[in-house]
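[1] Quick one, fold the following:
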Amino acid sequence: MVALVLSLAVAAAATATPAPPHDPVIAAAGDIACDPRHHLGPDIEAMLGGCEAAATYALIAAKKPSAVLALGDEQYEDGALEAFQQSYAKTWGQVKAITHPTPGNHEYYSSPSADGYFTYFGAAAGDRSKGYYSFNLGGWHIIALNGNCGFVGGCASGSKQERWLKADLASHPAGCTLAYWHQPRFSSATHHSDATYADLWRDLYAAHADVVLGGHDHDYERFAPQTPDGASDPQAGIREFVVGTGGRSHSIFLRVEKNSESRAAGTFGVLFLSLHSHGYDWRFTPIAGYLFSDSGSGACHGRR
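    Presented below is the predicted three-dimensional model:
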């Protein structure tokens, strides 16, 4: 009898359906590490809102995401390699192995080729003459673009980057697509909305992309799904998140753009996105001592 029970148990274990893998979670923010060389002086750094890269990194360490999207201006003031090694490396650099970066404008301040950034991140940053690349995560296709258009031959229709993006989208017909670069297409804060990136949005919109992430303005802002020209489009529009909350100072909102649904200045934190096969959940998590948060869910458009 015992042998029969054991035999049945073994057979059941052999035929049991394995547990489904967990959907990947990504952590995202930009505008992260203060300059260890104090170019601005510690008093000015404090006046700008302090340096909280260690606190935002702690959120990532606790969550243990599948990937980290560093949304540009990872290292102030000029993206020099020595600054990366002395500051960023001690916080967000501890998850460098799962980080997929995009360069910000500050990364190009040390040299026209952003040598410090590309040397620090190595192959993860893509071809150093481009700074744009793509990869797949779960059922999602994820695209890192370079918003520093003047250093990579432009971002307008017909530029090398725009033609690469269109070809990349055509060759990766994923059900869910996310793109990110440093400078936002839409923003209510000091850098404003920027039509420089309208053609990139048009390609993403035409391919039924779902989410775009950016930084540059040191705040959090979430937009409703919209067209490349900023018209509300709940059915086919792209949802944008501005997450310049990685730890280096705060921005202010000057004029609220249409379709802006949620925003906060003066809060450091990280956006966590859970990537499902047909949609996503988002949660903006502040560092300790801050109260603002934002969460919700969205469905993917799929390729039609």
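
[2] where are the low-confidence patches of this structure?
    Applying pLDDT under 70 to the chain flags residues 1-21, 38-49, 303-304.

[3] now the helices for it?
    2-15, 42-47, 53-63, 81-86, 115-121, 160-171, 198-206 (DSSP state H).

[4] what about the strands in the stretch 201-304 of the chain?
    Counting by DSSP state E, counting those that start in this stretch, the stretch 201-304 of the chain has strands at residues 211-214, 219-223, 239-243, 260-265, 269-275, 279-286, 294-299.

[5] Ok, which of those comes nearest residue 23?
    strand 269-275 (5.6 Å; C-beta to C-beta). Glycine gets a C-beta too; all of them are placed from N, C-alpha and C.

[6] buried set for the closest one?
    269, 270, 271, 272, 273, 274, 275 (16 or more other C-beta atoms under 10 Å).

[7] Residue 84: which of those is nearest?
    Nearest to residue 84, judged by C-beta to C-beta, of the buried residues of strand 269-275 is residue 270 at 19.5 Å.

[8] My guess is the closest one contacts residue 283. True?
    No: look at residue 270 against residue 283 with C-beta atoms under 8 Å: they stay out of range, at 9.2 Å.

[9] hang on, the earlier thing: now render the strands of the stretch 201-304 of the chain as JSON lines, adding distance to residue 36.
    Putting the strands of the stretch 201-304 of the chain into JSON lines (distance: least, C-beta to C-beta, whole Å) gives the following:
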{"stretch": "strand 211-214", "distance to residue 36": "26"}
{"stretch": "strand 219-223", "distance to residue 36": "24"}
{"stretch": "strand 239-243", "distance to residue 36": "23"}
{"stretch": "strand 260-265", "distance to residue 36": "26"}
{"stretch": "strand 269-275", "distance to residue 36": "22"}
{"stretch": "strand 279-286", "distance to residue 36": "25"}
{"stretch": "strand 294-299", "distance to residue 36": "31"}
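
[10] Show me the one of those strands that comes nearest residue 94.
    For those, the distance to residue 94 is smallest for strand 269-275, at 14.1 Å, taking C-beta to C-beta.

[11] Show me what that closest one is packed against.
    Applying 3 or more C-beta pairs under 8 Å, 6 or more residues apart in numbering; DSSP states H and E, one finds that strand 269-275 contacts strand 25-29, helix 53-63, strand 176-180, strand 239-243, strand 279-286.

[12] try 7 Å
    Judged by 3 or more C-beta pairs under 7 Å, 6 or more residues apart in numbering; DSSP states H and E, the packing partners of strand 269-275 are strand 25-29, helix 53-63, strand 279-286.

[13] Let me know which of the ones you listed is tucked in deepest.
    strand 25-29 (a mean of 26; mean count of other C-beta atoms under 10 Å).

[14] Direction included, what does that strand pair up with?
    strand 67-70 (parallel), strand 269-275 (antiparallel) (DSSP bridges).

[15] Contacts for the longest one, please.
    Identification of contacts with strand 269-275 by C-beta atoms under 7 Å, 6 or more residues apart in numbering yields 23-29, 56, 59-60, 63, 65, 137-138, 140, 176, 220, 241, 243, 245, 280-287, 290.

[16] and what of stretch 128-138?
    Contact partners of stretch 128-138, identified using C-beta under 7 Å, 6+ apart, comprise 23-24, 66-67, 100, 103, 113, 118, 125-126, 141-146, 152, 161, 164, 168, 172, 275.

[17] Quick one: buried ones out of those?
    Of the contacts of stretch 128-138, these count as buried by 16+ other C-beta under 10 Å: 23-24, 66-67, 100, 103, 118, 125-126, 141-146, 152, 161, 164, 168, 172, 275.
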